[in-house]
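Asker: Next come a sequence and a model predicted from it.
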Amino acid sequence: MSEVHFIDTTLRDGQQSLWALGMRTGAMLAVAEAMDRAGFESLEFFCSTMIKKYVREQKQNPWEWVREGTKCFRRTRLRLHGGMHGSGTFVKLPPAVMKLFVERAVAYGITLTRTSTSWNDFPGFEKELQELRAVGMETIVNLIYSVSPRHTDQYYAERARQAAAIRPYRICFKDVGGLLTPERARTLIPVILENAGDVPVEFHGHSNNGLGPLCYLEAVKLGIQTLHTAVPPLANGSSQPSIFNIAKNLRALGYTPIVNEEELKPVEEHFTAVAKRDGFPIGKPLAYDQSQYLHQVPGGMISNLRHQLRVVGMEDKVQAILEEAARVRAEFGYPIMVTPLSQFVGSQAAINVIVGERYKEVTDQVIQYALGLWGKEAPDLIDPDVKDKILSRSRAKEWERWAPPDPSLQEIRSRFGGPSISDDDLLLRVYAGEEAVKALYTAGAPKEFLNGRQPLIRLIEALSRKKECSQIYIHRNGFSLALGKTDARHCRSDMLKL
């Protein structure tokens, strides 16, 4: 088949990779309907990480995005990212909370999720997939790519079979670190497709190392028909390849990309204007960097590490820490460098370098890792000598006796406001904290965000609802329109030039 379909990642992974989820709700709503008309098969829409980010930093209620955003997408199936265990979390939340989160997403019409296990542990994931299915959520499971002596063709053949055996909606071959090369794609993707059997496989790659677009084209040549892309300026860099670039190249190769780029051109213009206004970076293709294969620390982690070291006057230690990260990862048994495992490796490498003695100090998370609390494979794969150093301290004895709390939803509700609190508000308080939620509600409603490319009538309707404006003048190419309210004694006037 020559048709190629697309999953849009702009509003979730695109802005998470490049803008740290810093885009406000209004900026997304302004172009949501245009994105819905573009012909995407599906679109990444929401994740639990957005709750804390939006409440604490933006003083916005993320459920407003869910409520209003889902109304804008009538043609495109929306996706939740993270499943029953959330996305990018370092805290083990009670299962009752995660179930409620998924149930609320389903209630808003989001019935598809893409999620991972950090170890590609699919037999251990079957129970969660069944729980997701029980509440009305279909699941795409990530098969995560990594480079190490462990991650061979045989490894991926076995894991693809295991993934297919639990019967997900799809398997997503995920190159989170942008490490895949076209040469490796040619040998590995056929292995995955063969062992996935009748379960469809889609491809999600990042462009950290400049090879993402080339790997996408190879993936299609090898039989994958669904790709994850983003709309510039939220494409490229550490995000996904650009939909415009991939669609153009696929046509040149004789394929039929199912997407309407004309609908996306104003979307690109809009997000570029948002980037310039709010000081966000513009995603750009990156140069190839061989050192990425040595330490495999994600780009976002490196920039954050550099910033933290600069604050304490130790930026000169960045290179030593990256080199140490390669040693720590090998000693930890070559975990895949995804959240939270990549952070465990990176933070321990930094401690080893700064303290000047390897494993003299370790974090609680590294102790938990060695005990198997972040994956049952870890205790068997970690270097025995390193494991002894980590677990020989008294703190490890405390964690050895610990079990994750499993309170009921009723117990959680009684702690966070009682029976009168709504499910949505309860989740805000659990994820973001009660003080942050109080600050959210005292901050007032967010300002309206207008999209200058909307049809004129809709633009006028939106402007007329702005309470602070009593007189509005619109002028464009010799055309003028004046709107006024009867009582203008205490109000200001606005002029908009189009």
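Answerer: That came through fine.

Asker: Touching, residue 174 and residue 145? I think so.
Answerer: Yes: between residue 174 and residue 145 there is a contact under C-beta atoms under 8 Å: 6.5 Å. In this view, the C-beta of every residue, glycine as well, is placed from N, C-alpha and C.

Asker: all strands of the stretch 101-250 of the chain, in order?
Answerer: For the stretch 101-250 of the chain, the strands defined by DSSP state E, counting those that start in this stretch cover 112-115, 138-144, 170-175, 201-205, 226-229.

Asker: Ok, which of those comes nearest residue 443?
Answerer: Comparing the strands of the stretch 101-250 of the chain by their distance to residue 443 (C-beta to C-beta), the top pick is strand 112-115, with 30.2 Å.

Asker: before we move on, the earlier item: to residue 40, which of the strands of the stretch 101-250 of the chain lies closest?
Answerer: Per C-beta to C-beta, nearest to residue 40 of the strands of the stretch 101-250 of the chain: strand 226-229, 8.9 Å.

Asker: Give the other helices and strands that the closest one contacts.
Answerer: Packed against strand 226-229 by the contact rule (3 or more C-beta pairs under 8 Å, 6 or more residues apart in numbering; DSSP states H and E) you find strand 3-8, strand 201-205, helix 212-221, helix 243-252.

Asker: Highest mean neighbour count out of those?
Answerer: Most buried of the helices and strands packed on strand 226-229, by mean neighbour count (mean count of other C-beta atoms under 10 Å): strand 201-205, with a mean of 25.

Asker: Thought residue 363 was touching residue 351, still the case?
Answerer: Yes: between residue 351 and residue 363 there is a contact at 7.2 Å, judged by C-beta under 8 Å.

Asker: Which of those two has more residues huddled nearby?
Answerer: Set residue 351 next to residue 363 and count neighbours by other C-beta atoms under 10 Å: residue 351 wins out with 20 against 15.

Asker: Skipping adjacent residues, who's closest to the more buried one in space?
Answerer: residue 361 (5.3 Å; C-beta to C-beta, 6 or more residues apart in numbering).

Asker: And the one you found, how far from residue 414?
Answerer: 38 Å (C-beta to C-beta, to the nearest Å).

Asker: Which parts of the stretch 251-400 of the chain are strands?
Answerer: Using DSSP E, counting those that start in this stretch, the strands of the stretch 251-400 of the chain run over 256-257.

Asker: Low-confidence ranges, it, go.
Answerer: 299-300, 303 (pLDDT under 70).

Asker: What segments of it are helices?
Answerer: 261-278, 292-295, 299-311, 318-331, 341-355, 364-371, 378-381, 384-391, 394-400 (DSSP state H, counting those that start in this stretch).

Asker: ok, residue 204 touching residue 175?
Answerer: Yes: counting by C-beta under 8 Å, residue 175 is a contact partner of residue 204 at 7.1 Å.

Asker: about what we covered before: of all the strands of the stretch 101-250 of the chain, which lies closest to residue 155?
Answerer: Of the strands of the stretch 101-250 of the chain, nearest to residue 155 by C-beta to C-beta is strand 138-144, at 10.5 Å.

Asker: before we move on, the earlier item: quick one: which of the helices and strands packed on strand 226-229 is nearest residue 289?
Answerer: helix 212-221 (13.2 Å).

Asker: Let me know whether my guess that residue 44 is in a helix holds.
Answerer: No: going by DSSP: H, G, I helix; E, B strand; the rest coil, the assignment for residue 44 is strand, not a helix.

Asker: what sits opposite it in the beta ladder?
Answerer: residue 79 (DSSP bridges).

Asker: separation between residue 67 and residue 413?
Answerer: 21 Å.

Asker: neighbour-wise, which of those two wins?
Answerer: Between residue 67 and residue 413, counted using other C-beta under 10 Å, the more crowded position is residue 413 (20 against 13).

Asker: Hmm, that one is touching residue 420, no?
Answerer: No: look at residue 413 against residue 420 with C-beta under 8 Å: they stay out of range, at 9.4 Å.

Asker: pLDDT score assigned to residue 401?
Answerer: Confidence at residue 401, expressed as pLDDT, is 88.

Asker: What's the local residue count around it?
Answerer: Quick note: residue 401 (other C-beta under 10 Å) scores 6 neighbours.

Asker: Report the contact partners of it.
Answerer: Contacts for residue 401 (C-beta atoms under 8 Å, 6 or more residues apart in numbering) come out as none.

Asker: Give me the phi and psi for it.
Answerer: The phi and psi values for residue 401, taken as degrees, to the nearest 10, are phi -90, psi 0.

Asker: picking that back up, tell me, how many residues neighbour the residue nearest to residue 351?
Answerer: By other C-beta under 10 Å, 13 other residues sit near residue 361.
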